[in-house]
Structure formats: structure tokens, C-alpha cells
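**Q** missing the sequence, but the structure's below:
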């Protein structure tokens with residue numbers, strides 16, 4: 001889906017939830033979040049949900065609550081997106097720990113009865129760097145990092161966050177190489 005399709009899907013989902021007297025708040029990262037923020041222009045297969053917001057707190061999104069799962073499947077079928085276009089797979093990052101100050105950087109979009117909290121640019125850099133090291137320099141994540149035009153300080157900060165999640169020497173080596181390919185010479189990770 002592109003930016004317009006993502007808006008349409010989320011708007012339709014918000015309308016369906018509202019018609020059922022339901023309200024949800026989700027925290028979105030990844031390609032769809034970047035699209036919605038207008039930071040990248042590339043299609044994405046799904047909307048990555050890292051958390052639900054309940055009582056002002058971030059909680060695991062997996063599994064999605066049954067009413068939300070059902071509504072998103074119906075919207076997906078109606079719009080040709082499949083029945084799992086709202087993807088709670090990245091919610092494991094919540095258990096690892098989001099970057100410090102994450103909540104203060106989110107941008108909120110309202111789609112009727114659906115509020116979407118979009119990870120801020122720096123947080124997206126953290127997540128994209130982490131994924132780029134895992135999937136390599138030819139991955140969409142690495143391409144997204146280039147489009148985000150992260151500063152050396154942002155990349156080093158993202159690398160330090162990523163190291164807290166994978167302290168292995170193999171990951172560190174991949175991280176140093178990814179930084180080098182992005183124009184940052186740093187062993188301080």
C-alpha cells in the first residue's frame with residue numbers, strides 16, 4: 001500500500017470501529033509509519049503495530065484484541081489488503097524496550113475511532129538500523145535509512161540503542177559495517 005491506501009485503510013478501520021462503538025489506539029512503526037509521516041515514498045505490505053495504548057500506557061499488541069482483529073480483517077478483505085494488514089509482529093520490541101523518550105516524540109493521527117501514534121523520526125532510525133543490520137545493506141530498511149538522511153549523531157545514538165538489544169559481537173560487527181556504509185566511522189557501539 002502507498003500513503004493514500006494506508007490513510008484509506010486506517011480511516012475505514014476507524015469508521016468500522018466507530019460504527020461498532022469501539023475505540024482503539026495503536027502505536028505504528030516501520031514503512032507504513034514512515035509513509036504516514038511523509039518521510040519515505042515506497043509501498044509497504046502492512047501496518048506494523050508495536051503497541052496498543054490502554055489507559056495512557058503502551059501494552060503488547062499481540063495478539064490484537066478480537067474486535068480489532070475482526071474489524072481489520074473485514075477492512076482488509078474489502079480493500080484487497082488481506083486479512084492481516086494490521087501486523088502486531090513488531091510488538092516484541094516493546095518487551096526489549098523502546099528508545100528513551102519514545103512517547104514524547106510520537107505524532108498522533110486520528111482516524112475516527114482509531115488513534116494512530118506514529119513513531120518519531122529518531123525512533124524510526126533506531127528501528128531501521130536494527131533491522132538493516134539483521135537484513136543487510138540491500139534491504140528496504142537500509143534504503144529507508146538512506147532516505148531518512150540521519151545525521152552521524154542520530155546513527156550513533158540509534159546504534160547504542162540497538163546494542164542494548166543485541167550485545168553479541170556478531171551484531172556489533174554488522175552494526176559497525178552498517179554505520180560505515182552510511183558514512184559514519186565509529187567503534188563506539
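**A** Nice, thanks for sending it over. Because the structure is predicted, anything quoted here is derived from the model rather than measured.
**Q** Same question for the longest helix seen in the chain: list its buried residues.
**A** When the chain is scanned for its longest helix (criterion: DSSP state H), the result is helix 3-19. Neighbour-count burial for helix 3-19, with 16 or more other CB atoms under 10 Å as criterion, is recorded at 3, 5-6, 8-17. In this view, the C-beta of every residue, glycine as well, is placed from N, C-alpha and C.
**Q** would you list those in JSON lines and tack on pLDDT?
**A** Below are the buried residues of helix 3-19 laid out as JSON lines (pLDDT from 0 to 100):
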{"residue": "3", "pLDDT": "93"}
{"residue": "5", "pLDDT": "95"}
{"residue": "6", "pLDDT": "95"}
{"residue": "8", "pLDDT": "97"}
{"residue": "9", "pLDDT": "97"}
{"residue": "10", "pLDDT": "98"}
{"residue": "11", "pLDDT": "98"}
{"residue": "12", "pLDDT": "98"}
{"residue": "13", "pLDDT": "98"}
{"residue": "14", "pLDDT": "98"}
{"residue": "15", "pLDDT": "98"}
{"residue": "16", "pLDDT": "98"}
{"residue": "17", "pLDDT": "98"}
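**Q** Just the closest of those to residue 131, please.
**A** Checking those against residue 131 by CB to CB gives residue 6 as the nearest, at 19.1 Å.
**Q** What values do phi and psi take at residue 72?
**A** Its backbone dihedrals place residue 72 at phi -70, psi -30, with angles given as degrees, to the nearest 10.
**Q** contacting residues for it?
**A** Counting by CB atoms under 8 Å, 6 or more residues apart in numbering, residue 72 makes contact with 13, 64, 83-86.
**Q** Now with 6 Å, please.
**A** Taking CB atoms under 6 Å, 6 or more residues apart in numbering as the criterion, residue 72 is in contact with 13, 86.
**Q** try residue 162
**A** 129-130.
**Q** Let me know the secondary structure of it.
**A** Here residue 162 is recorded as helix under DSSP: H, G, I helix; E, B strand; the rest coil.
**Q** just to revisit the earlier point, how about the buried residues of helix 3-19 in a markdown table, adding distance to residue 107?
**A** As requested, those are arranged in a markdown table below (distance: CB to CB, whole Å):
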| residue | distance to residue 107 |
| --- | --- |
| 3 | 14 |
| 5 | 19 |
| 6 | 14 |
| 8 | 19 |
| 9 | 18 |
| 10 | 14 |
| 11 | 16 |
| 12 | 21 |
| 13 | 18 |
| 14 | 16 |
| 15 | 21 |
| 16 | 23 |
| 17 | 20 |
